[in-house]
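In: Fold the following.
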Amino acid sequence: MPINLIISGVGGQGNVLASQILGRAAVRQGFRVTIGETFGLSQRGGPVMSHVRLSKTEAYGPIIPPNRAHFILGLEPLETLRIAPEYAQSSTVFLVNSRPIYPLNVIAGDVEYPDPQWIREKLENQAQELYWLEGTTAAIELGGPIMLNMVMLGALCELQDFPVSSEHLKEILGAVIPPGKLESNCRALDRGGQLIRELSD
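Out: Numbers count the residues shown, from 1 in each chain. Reported below is the predicted structural model:
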């Protein structure tokens, strides 16, 4: 069976870049990797979901079947909750950034964004394990919200059952990230791993 990961978020959070970096690192570790991207109607602010499938034996189709995700990495909490019923299973591990991004209909006052604590409780009921992380806060401390994707990837790679490490990611960052931003992205990976270790202490 492949290892199935979904990265969920909204346009502008670096979702696709995160999946590409992870995929390249996994290939270097001998995995066969397939990646599928799905986009909402709006590139920026619309839903974006990346399916990443890792296998040592064969290349699987790019879209994860229903209720087969082993890991769900949520860059935005409501988007994570939205996809959970379709893709999560009883053994799914969630890593979720706690900071909402309000869609236009919420900003306009047409609908109300759910209480993040309510979202957290709903996800806890569906997950084998939930890591609720202050990822955006950590990213801002490192230079801006744009660092969120690297913070969350660093957190994912800190999990014992995930087969790609932050050091593997760093080996290929130079081919993807401009030289002037390489050091800050490496720090973001390290900070994500630290968030997981702090929760485990």
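In: contacts and neighbour counts: CA atoms only from here.
Out: Will do.
In: Now residue 34: which helix or strand?
Out: Taking DSSP states H and E as the definition, residue 34 sits inside strand 32-39.
In: Each with direction, which strands does the helix or strand just after that strand pair with?
Out: For strand 32-39, the following helix or strand on the C-terminal side (DSSP H and E) is strand 47-55. According to DSSP bridges, strand 47-55 has the following sheet partners: strand 3-10 (antiparallel), strand 32-39 (antiparallel).
In: any chance of those strands in TSV, with distance to residue 111 and mean pLDDT too?
Out: Formatted as TSV, the entries for those read as follows, by distance: least, Cα to Cα, whole Å; pLDDT from 0 to 100:
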stretch	distance to residue 111	mean pLDDT
strand 3-10	18	96
strand 32-39	22	89
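In: Pick the most buried one from those.
Out: Comparing these by mean neighbour count (mean count of other Cα atoms under 10 Å), strand 3-10 comes out on top with a mean of 25.
In: buried ones in the top helix by length along the chain?
Out: Taking residue count as the measure and DSSP state H as the definition, the longest helix of the chain comes out as helix 179-200. Neighbour-count burial for helix 179-200, with 16 or more other Cα atoms under 10 Å as criterion, is recorded at 182, 185-196.
In: For residue 175, state which of those is nearest.
Out: residue 182 (9.8 Å; Cα to Cα).
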